[in-house]
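Asks: let me see the structure of the following:
(2 chains)
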Amino acid sequence: MANNEKDKEFVKEIPSKKNNFSEWYTAVVLKAELADYAPVRGCMVIRPYGYKVWELMQSLLDKKFKDTGHENAYFPLFIPESFLKKEAEHVKGFSPQVAWVTRGGDEDLTERLAIRPTSEAIICSMYSKWVKSYRDLPVLINQWCNIVRWEKTTRLFLRTTEFLWQEGHTLHRIQAEADEEAIKMLNVYVDFVENDMAIPLIYGRKPESEKFPGALHTYSIEALMPDGQALQAGTSHNLGQFFSKAFDIKYLDDDNTEKYPWGTSWGCTTRLIGALIMTHGDDKGLRLPPRIAPIQVVIVPILFGKDDEKVLSKTKQIYELIKKDYRVYLDDRLEYTPGWKFNEWEMRGVPLRIEVGPKDILKEQVVFVPRDGSGKKFIKENELKKSITEILESIQKNMLDSARQGLLNKISEAGTIDEFNKKLAENPGFVKVYWCESQPCENELIDKTKTTPRCMPMNSKSRGKCIVCGKETETVIYYARAY
RNA sequence: CGGGGAGUAGCGCAGCCCGGUUAGCGCACCACGCUUGGGACGUGGGGGCCGCUGGUUCAAAUCCAGUCUCCCCGACCA
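Replies: From the prediction side, this is the model:
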C-alpha cells in the first residue's frame, strides 16, 4: 500500500536505533521536543515537554525524600575558592571541571568564585555554623539546583556543561547512622528509577578508584543502554568525617566531648532523562512509562465531515470524564489527519492513545492503542476508567519487564581475562567477575579489557576466584564500558 | 583533547569542485477546492543576514583566512 512508503518517509526522519544509535538518540531528543541546543557550547535548553518529564521526576523523588525525613533548602551558586580547597581530595577531583567567576561588574574579585560543581563545600561551611549539639543532629537537607562542570565532550541530557540535579547533604551523630543513610538513599533511587522510570538497574558500592573525591564510600545505580554501555544514573556517598573535619563541623555529645558528625551526600540528575530515552525508545521515537509521561493518554477523534459534531462532543465528554484522574490531551485539531496524529504522538512517546470514530459511538466503545506494542483493544465505554487504569499499569509493568530482560541478556560472567574479552565482544554489556579488591588486579583488568569497574553489589554471599590473580574472594564486581 | 564530517526557508537537502540572471527542490506554512479509521490530493501563494568575521575580485553561497556551533569515531568525566 501507499502507506508503507509514507511510513518509510516518516521513519527516515529518525535513524534506526539499532544501526545508528547515537544519531537515533539525538534525533529523538530534538524531534520529540524534549530539548534543543543552546547557543552556548555544551549547553541545552530543556523544552516544555522535556521539562515536564523532569517535573514529574522531581515530584516523585521529592515525595520520597520528604517521606524519609528530608527538607529542601537552597544554597548559593557561587563557592569561594578557599572553601573548595578545604578538602584536598575534593578539590583535586573537581579542579579540571570548575568554571570560575573572576570579575564582578567592572572590578576584579579579590577571591575568585567557583560556579558550583557540587555543593559539599558551601553547605558544610553553613553546617559548621548550625551544628553545636548532638541535639542538632541529624541534619537532613536536600537541594534542587543547577550545576556547572566544564566538559570536553557533551551530549544532550547525558553530559552537558550545565545540568539540573538534586543533592542531599546529611550529618549524623554516629557512623552507623550515616552508613544507613547512604544506603537508604541508594535504595530510594533504585525504587524510583526501576518502578517509576521503568529502568532496571544494577547497584552497589564503587571501588576506591571510582569513588567521589572526598568520600569514604560511594554507592551507585547503574543502568545499561541498548548499545551495551553502562550509564551511572545516581550516586550516594558516605562522606565519613572528612568534610566535618575539613569544615570544622563539631557537636558536643552527651558525654560532654566535642565530636565530628558523619556525613552523606547523594544526587541524581537530568541525565536520567537520557537513560529513559535510550532504554525505552524505538524506531518510531520516544516511549515513556506512564508514571512519568507528561501526557499519559491522548484522545484522537476520527473525523469524516458528517458525524464530526457527534464524535467531537463524545471525545470532549470522555476528556472531561477522565481528565482529573490522568494526564490527558484531547487532540481535536482539525488541520491534521488522524494518521498524522498517530505518528506524532507515538513519536512523542505517549503511552496510550484512545481513538473514537462514528462506528465506535454506535457500538458504545472506544479503541485503545498502547504504545508498548501490545496491540489494539476495543473497550466498552462504561468500562473506560477502569480500563485506562489497568492498561497504564500494564504498560508500566511491560516496559520494566522488557527492559529488565534486555539488561539480563547483556550480563555475562567471566573467570579469566580472555573469557572476559570474548564475552564482551560477543555481547557488549556488563561482565560480572570476582575480584580480590587489590589495585594492581583492577589496573590490569581495566587495561586489558578497556572497560571500567561499575559497582559491587552488596550482600553477595558467593565465593570465587579473582579474575586476575586467582585469589579466593567474596567480592563480585560488574565491569562495562561506560558513558 | 586528537581524527573525520556538517552548517543554505520551520525541517530534510541540492547548488560550491569550475565565482556571473531574481539561490532551487521535497515536506511544513497560508488561501480556496476536494478529502479523512495510520503522516491525503489539486491549484495558487508567502517565507532566505547562504553560521559569523574579515580578505581576494568588476562580481562570492561558491575561492582564501580566522572564528563559532553541532554530528560521528577514539582518549578523560553525573
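Asks: from here on, contacts and neighbour counts on C-alpha atoms
Replies: Noted.
Asks: and the pLDDT for residue A:10?
Replies: Here, the pLDDT recorded for residue A:10 equals 49.
Asks: to clarify, my last question referred to residue A:7.
Replies: According to the prediction, residue A:7 has pLDDT 42.
Asks: could you tell me which residues of the stretch 301-450 of chain A lie near RNA strand B?
Replies: A:302-305, A:335-344, A:346-347, A:355-360, A:366-367, A:369, A:450 (Cα under 7 Å from any atom of the strand).
Asks: now do the contacts for the residue nearest to residue A:174 when sequence neighbours are not counted.
Replies: Nearest-residue entry for residue A:174: residue A:262, 6.3 Å, with adjacent residues in sequence omitted and distances by Cα to Cα, 6 or more residues apart in numbering. Neighbouring residues of residue A:262 by Cα atoms under 8 Å, 6 or more residues apart in numbering: A:171, A:172, A:173, A:174, A:175, A:178, A:239, A:240, A:241, A:244.
Asks: I'd say residue A:27 and residue A:15 touch.
Replies: Yes - Residue A:27 is within contact range of residue A:15, at 7.5 Å (criterion: Cα atoms under 8 Å).
Asks: who has more neighbours, these two?
Replies: Using other Cα atoms under 10 Å as the criterion, residue A:27 and residue A:15 rank with residue A:15 on top: 20 against 16.
Asks: now the more buried one, nearest residue through space, not along the chain?
Replies: Excluding the flanking residues, the one nearest residue A:15 by Cα to Cα, 6+ apart is residue A:24, at 4.9 Å.
Asks: run the chain-centre distance for stretch A:279-287.
Replies: Relative to its parent chain, stretch A:279-287 has a centroid offset of 16 Å by Cα atoms, centre = their mean, to the nearest Å.
Asks: close to RNA strand B, is that stretch?
Replies: No - using Cα under 7 Å from any atom of the strand, stretch A:279-287 never reaches RNA strand B; the gap is at least 7.7 Å.
Asks: swap in stretch A:39-59?
Replies: Yes - Stretch A:39-59 lies within reach of RNA strand B by Cα under 7 Å from any atom of the strand, at A:39, A:40, A:41, A:42, A:43.
Asks: contact partners for the fourth one?
Replies: Under the criterion of Cα under 8 Å, 6+ apart, the contact list for residue A:42 reads A:151, A:153, A:154, A:155, A:160, A:161, A:162.
Asks: wait, the first one sits on residue A:97?
Replies: Think residue A:151. Yes - using Cα under 8 Å, residue A:151 is in contact with residue A:97, at 6.5 Å.
Asks: was I right about residue A:17 contacting residue A:280?
Replies: No - assessed by Cα under 8 Å, residue A:17 is found out of contact with residue A:280, at 10.8 Å.
Asks: neighbour count winner among those two?
Replies: A direct count of neighbours by other Cα under 10 Å for residue A:17 and residue A:280 places residue A:280 higher, at 23 against 20.
Asks: roughly how far apart are the more buried one and residue A:395?
Replies: From residue A:280 over to residue A:395 the distance is 12 Å, taken as Cα to Cα, to the nearest Å.
Asks: cool, and residue A:129?
Replies: Residue A:129 is 49 Å from residue A:395, by Cα to Cα.
Asks: give the contact list for the residue nearest to residue A:15.
Replies: Neighbour list for residue A:24: A:14, A:15, A:16, A:17 [criterion: Cα under 8 Å, 6+ apart].
Asks: would you reformat the contacts of residue A:262 as JSON lines and include distance to RNA strand B?
Replies: Listed next are those as JSON lines, based on distance: Cα to the nearest atom of the strand, whole Å:
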{"residue": "A:171", "distance to RNA strand B": "21"}
{"residue": "A:172", "distance to RNA strand B": "24"}
{"residue": "A:173", "distance to RNA strand B": "27"}
{"residue": "A:174", "distance to RNA strand B": "26"}
{"residue": "A:175", "distance to RNA strand B": "23"}
{"residue": "A:178", "distance to RNA strand B": "20"}
{"residue": "A:239", "distance to RNA strand B": "14"}
{"residue": "A:240", "distance to RNA strand B": "17"}
{"residue": "A:241", "distance to RNA strand B": "20"}
{"residue": "A:244", "distance to RNA strand B": "21"}
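Asks: strands - which of these land there?
Replies: Using DSSP state E, A:171, A:172, A:239, A:240 are the members of those that sit in strands.
Asks: for residue A:88, state which of those residues is nearest.
Replies: Taking Cα to Cα as the measure, residue A:88 lies nearest residue A:239 of the ones in strands among the contacts of residue A:262, at 13.5 Å.
Asks: can you get me a residue count around the spatially closest residue to the closest one that is not a sequence neighbour?
Replies: Counting by Cα to Cα, 6+ apart, residue A:239 lies nearest to residue A:215, which is 4.3 Å off, once chain neighbours are set aside. Residue A:215: 21 surrounding residues under other Cα under 10 Å.
Asks: list the contacts of residue A:215.
Replies: Residue A:215 sits next to A:237, A:238, A:239, A:240, A:242 when contact means Cα under 8 Å, 6+ apart.
Asks: now do the same for it: helix, strand or coil?
Replies: coil (DSSP: H, G, I helix; E, B strand; the rest coil).
Asks: how far away is it from RNA strand B?
Replies: The gap separating residue A:215 from RNA strand B is 11 Å, by Cα to the nearest atom of the strand, to the nearest Å.
Asks: let me see the backbone angles for that residue.
Replies: For residue A:215, the backbone dihedrals (degrees, to the nearest 10) come out as phi -110, psi 160.
Asks: residue most distant from the centroid, chain A?
Replies: residue A:306 (47.4 Å; Cα atoms, centre = their mean).
Asks: what sits against that one?
Replies: By Cα under 8 Å, 6+ apart, residue A:306 has no neighbours at all.
Asks: how close does it get to residue A:270?
Replies: 47 Å.
Asks: same question for residue A:64.
Replies: Residue A:64 is 17 Å from residue A:270, by Cα to Cα.
Asks: neighbour count winner among the two?
Replies: Neighbour totals were compared for residue A:64 and residue A:270, and residue A:270 leads with 25 against 17 (other Cα under 10 Å).
Asks: tell me the bridge partners for the closest residue to that one other than its chain neighbours.
Replies: In this structure, residue A:270 finds its nearest non-sequential neighbour in residue A:164, 5.6 Å apart by Cα to Cα, 6+ apart. Legend: beta-bridge partners of residue A:164 under DSSP bridges are residue A:146.
Asks: residue A:164 touches residue A:157, doesn't it?
Replies: No - counting by Cα under 8 Å, residue A:157 is not a contact partner of residue A:164; they are 9.6 Å apart.
Asks: overlap in contacts of those two?
Replies: Shared contacts of residue A:164 and residue A:157 (Cα under 8 Å, 6+ apart): residue A:270.
Asks: looking at those two, which one has more neighbours?
Replies: Between residue A:164 and residue A:157, counting by other Cα under 10 Å, residue A:157 is the more crowded of the two (26 against 17).
Asks: how close does that one get to residue A:191?
Replies: Distance, residue A:157 to residue A:191, using Cα to Cα: 22 Å.
Asks: any low-confidence regions in chain A?
Replies: Low-confidence segments of chain A, defined by pLDDT under 70: A:1-13.
Asks: picking up where we left off before, so the residue nearest to residue A:15 is in which element?
Replies: Here residue A:24 sits within helix A:21-31, counting by DSSP states H and E.
Asks: check residue A:276 too.
Replies: According to DSSP H and E, residue A:276 maps onto helix A:271-280.
Asks: go on, residue A:393?
Replies: Judged by DSSP H and E, residue A:393 forms part of helix A:384-409.
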